[in-house]
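A.B. asks: please find the sequence and the predicted model below.
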Amino acid sequence: METIIALLMFVGTEQKLTEMTWTPSISKCLEKKRIATRNSNATYMCSKVKAELSADNKILKIEKLK
């Protein structure tokens, strides 16, 4: 498990986590969040998380939100 910065997407009235994307830095995460928020009705959040990553930096599993 690694500590990374992730862009998280929540949808629905109960705000269910549906998508997680690895980002290299908080500034890149905030940039992607601004673009996604303009183009969607979902709620986005940048967060530091403990996650298991694949070889190509895709998030397989999040252990803990910080």
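C.D. replies: Structure's in. What do you need?
A.B. asks: and the helix or strand of the chain with the lowest mean pLDDT, what does it pack against?
C.D. replies: Across the helices and strands of the chain, the lowest-confidence element by mean pLDDT, DSSP states H and E is strand 59-65, at a mean of 85. Packing partners of strand 59-65 (3 or more C-beta pairs under 8 Å, 6 or more residues apart in numbering; DSSP states H and E): strand 2-11, strand 16-23, strand 43-53. C-betas here are computed from N, CA, C, even on glycine.
A.B. asks: can I get those in TSV with distance to Leu65 and mean neighbour count?
C.D. replies: Compiled in TSV, the helices and strands packed on strand 59-65 are given as follows (distance: least, C-beta to C-beta, whole Å; neighbours: other C-beta atoms under 10 Å):
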stretch	distance to Leu65	mean neighbour count
strand 2-11	8	16
strand 16-23	9	15
strand 43-53	6	16
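A.B. asks: nearest to Leu30, of those?
C.D. replies: Leu30 sits nearest to strand 43-53 of all those, at 5.9 Å, using C-beta to C-beta.
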